[in-house]
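Student: No letters, just coordinates:
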């Protein structure tokens, strides 16, 4: 009885709050229009499930292209951010050099800078680099918020690895970089996976830069294309919109279902040490 | 950042290499790609933002230096004043809600339960799914004619007539606050859960034998332990909520009649829709003072922890 009040009831409320929008997204995506806009029907039930909304979406829009753009941008930016982040994180977290602490602080400050603070001048920088209105604008700019995040996370992981092992390897003739790649990096794998998947998600979800730097339909990513290309004037095709939202949400949900353990442990271990 | 330049020198003059530990050279070499990118695409745009905000630049024209005229004009602009007020209301309401609900969520999740990992993953979902897409779903849920939220509330007898979620200034603010809380709550809950998991069980056992009830245990054990994590999470969330863009942009676009206009959405509208880039930059720069405050508070607490 006590568990009902302290656990089950509040848990049910929290889960309903968290999950109802996804249920509604899914229900709406598989409903025919006639049912979607029928106020007399049971709205939480699909009487005639259909793939019409998806069919219309693929026939009428560039949704496949947007998904590919999202994948390409998220993958490339994550690789760039992880490479630079591992290098910088290793240096700041494990090497003794003048200015190490200052760089740590700088990493932390840049991590906090919101993208909305600099998106207007950054549009001009992107333009003068000749990258406006292409996915390269995103590939170049996304690392600016991914690198501080990856570096900050990895500093914590690298610091937690005992120094002895690395020093042994170096005495045995390994170079500094060799020891980093062969000894330290494998031990920091949970942190690396966590940072990589979180970078991928941050890129996949990014909105302000993609909205500002890209105007052509063909170069848009999923998160921006769906709300800007599928809503024309006052016409909302909710079935297609929800089908597209589902398509844009499922890849990250799948990613998380595979790496959930790393994610919860990463979030609880590294993120909050700061 | 000048230290990057200093690091380059020893490589050119090998004679001095002896004086500098090899680690130092390796370190600067490893940091320089990241530092270079951050200088060009973060530090430089920031300086540029300050510069542009002192010009009357409009789209397609270079603009002249006007000093602080943009800021002076904004101070007298009723729309901007409302934006300032909205931003504070939005931030205060959502951060407070997320904090209280986040502690509750963490307390619930910390209990033994079946399929614990699945439950945690489910709770986290709103935070990982693309915000613009989930907010689109909320837009549909708040639709003036087909709102499923009204359908459920009416059906359950909680309300007597439809709530005009996005059509009314008050309810529009309530809507963006609900959606922001929905999206941010998982981060609070899971972070606080991490904090709860570090509290030694013996403390609760001792309190139990002393006859302390649940509420007293919470006040004297749980809260003091959670306090540092709550502080960090609240500071993070404050700056991110204050600078939020996409929830408001997708859900209300600042409306109705600017009732939910916040700094970032107004900066976007002024700079990129209306084309007044100078003025838009000035609006975006108002995010800076809060950022500076958060940074200073955070660094202080970091230092304290280190000592």
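Tutor: Thanks, I have it. These numbers come from a predicted model, not from an experiment.
Student: what's the average pLDDT for stretch A:113-132?
Tutor: What stretch A:113-132 shows for mean pLDDT is 91.
Student: so where do the helices sit in the stretch 151-274 of chain A?
Tutor: With DSSP state H, counting those that start in this stretch, the ranges of helices along the stretch 151-274 of chain A come out as A:163-171, A:176-179, A:185-187, A:189-205, A:208-213, A:222-229, A:238-269.
Student: Distance check, residue B:100 against chain A.
Tutor: According to CB to the nearest CB, to the nearest Å, residue B:100 and chain A sit 13 Å apart. Every residue, glycine included, has its C-beta placed from N, CA and C.
Student: What is the neighbour count of that residue?
Tutor: 11 (other CB atoms under 10 Å in any protein chain shown).
Student: helix or strand right after whichever strand or helix holds it?
Tutor: Under the criterion DSSP states H and E, the helix or strand holding residue B:100 is helix B:78-109. With elements assigned by DSSP H and E, the helix or strand that comes after helix B:78-109 is helix B:116-128.
Student: can you tell if that next one touches chain A?
Tutor: Yes: contact of helix B:116-128 with chain A (CB under 8 Å from any CB of the partner chain) involves B:117, B:119-126, B:128.
Student: biggest separation within those, which pair?
Tutor: Pairwise distances across these peak at 17.2 Å for B:117 and B:126 (criterion: CB to CB).
Student: Which one's more surrounded, the two?
Tutor: Ranked by neighbour count (other CB under 10 Å), residue B:117 and residue B:126 place residue B:126 first, with 22 against 10.
Student: For that one, give its distance to residue B:175.
Tutor: Residue B:126 is 15 Å from residue B:175, where distance means CB to CB, to the nearest Å.
Student: repeat for residue A:252
Tutor: Taken as CB to CB, the span from residue A:252 to residue B:175 is 24 Å.
Student: quick one, which of these two is more surrounded?
Tutor: With neighbours defined as other CB under 10 Å, residue A:252 and residue B:175 compare such that residue B:175 has more, 26 against 21.
Student: how about the nearest residue to that one, chain neighbours excluded?
Tutor: residue B:165 (4.9 Å; CB to CB, 6 or more residues apart in numbering or on different chains).
Student: hang on, the one you found in a helix?
Tutor: No: when classified by DSSP: H, G, I helix; E, B strand; the rest coil, residue B:165 is found to be coil rather than part of a helix.
Student: mind checking the backbone torsions on it?
Tutor: Taking degrees, to the nearest 10, you get phi -50, psi -60 for the backbone angles of residue B:165.
Student: Quick one: residues contacting it.
Tutor: Residue B:165 is in contact with B:142, B:144, B:147, B:149-150, B:171-172, B:174-175, counting by CB atoms under 8 Å, 6 or more residues apart in numbering or on different chains.
Student: now do 6 Å
Tutor: Counting by CB atoms under 6 Å, 6 or more residues apart in numbering or on different chains, residue B:165 touches B:142, B:171, B:175.
Student: averaged over its residues, what pLDDT does stretch A:225-237 have?
Tutor: Here the average pLDDT along stretch A:225-237 is 85.
Student: So is it next to chain B?
Tutor: Yes: residues of stretch A:225-237 are located near chain B by CB under 6 Å from any CB of the partner chain, namely A:226-227.
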